[in-house]
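Chemist: This is a predicted model, with the sequence first.
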Amino acid sequence: MDKRTRAQQRADEIDISPAKLLADIERISGERDAAQLEKEEFLVALQRERAEFTNYKRRTAEERQAMIGLAGEGLINKVLTLADDFDRAIDARPAAIADDPWVEGIAAIDRKLRQLLESEGVSPIETVAGTPFDPREHEAVAGVPGTDHPDGAIVMEVRRGYRLRDRVLRPALVAVAAGAEPNQPASGQPGDAGPHSDNPIH
């Protein structure tokens, strides 16, 4: 009859041979290496997900800002249409009522409108008769023959142009001096300027 205790029996059953210990060490080392590799893969995946989420947030913010900017530009362009109407009204005011308080009130509203535009970063494009045509800032709508200006120089501003901060929001519509072919406009057709072609340079 075996008189060993249960603990002794279990201790005797444990294989502590060098071969078994070596096998156990190799198995544990393999498990450790596998766990380390899995951890590194999870870390790389987490970093990639974080980077993608950061890029997503940045893109979303940029798209939202772009949409706000487009909406803002659309509103500014509508306000510029009102500014054009003020230009025409003030330019066409009869001399007989030039000093009338009502006319001065209209001019005051126009000045406030200009201040509002300036506060939003909108500024008029300077257009001076006799200066060279610049396709980055001007759009030629008619050619004017027989002027004292050199060929291609600006003769008259038809509609004021504007910048939004450092870029052109709306080019100035201009008439330019025509050269050897007096009946050929510089761009578009004669009359494209519409009823506002009589406007003086602002």
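Modeler: That came in fine, so what should we check first? Numbering: from 1, shown residues only.

Chemist: Just confirm Ile154 contacts Gly130, I think it does.
Modeler: Yes: counting by Cβ atoms under 8 Å, Ile154 touches Gly130, with 6.8 Å between them. From N, CA and C alone the C-beta is placed, and that goes for glycine too.

Chemist: which one of these two has more residues nearby?
Modeler: Remark: of Ile154 and Gly130, Ile154 carries more neighbours, 23 against 13, as counted by other Cβ atoms under 10 Å.

Chemist: OK, contacts around Glu120?
Modeler: Gly72, Ile76, Leu164 (Cβ atoms under 8 Å, 6 or more residues apart in numbering).

Chemist: Now pLDDT, secondary structure and neighbour count too, for those, in a markdown table please.
Modeler: Formatted as a markdown table, those follow (pLDDT from 0 to 100; DSSP: H, G, I helix; E, B strand; the rest coil; neighbours: other Cβ atoms under 10 Å):
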| residue | pLDDT | secondary structure | neighbour count |
| --- | --- | --- | --- |
| Gly72 | 74 | helix | 13 |
| Ile76 | 87 | helix | 19 |
| Leu164 | 88 | strand | 18 |
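
Chemist: Closest one of those to Ala89?
Modeler: The shortest gap between Ala89 and any of the contacts of Glu120 belongs to Ile76, at 20.1 Å (Cβ to Cβ).

Chemist: how much space between the residue nearest to that closest one when sequence neighbours are not counted and Asp166?
Modeler: Using Cβ to Cβ, 6 or more residues apart in numbering and skipping the chain neighbours, the partner closest in space to Ile76 is Val122 (6.0 Å). Per Cβ to Cβ, to the nearest Å, Val122 is found 12 Å from Asp166.

Chemist: do the same with Asp84
Modeler: 23 Å.

Chemist: In terms of neighbours, single out the busier of those two.
Modeler: Neighbour tally, Asp84 and Asp166, criterion other Cβ under 10 Å: the higher count belongs to Asp84, 15 against 6.

Chemist: how about the helices in this structure?
Modeler: 6-13, 18-91, 101-119 (DSSP state H).

Chemist: So for Asp134, which of those helices sits nearest?
Modeler: helix 18-91 (19.6 Å).
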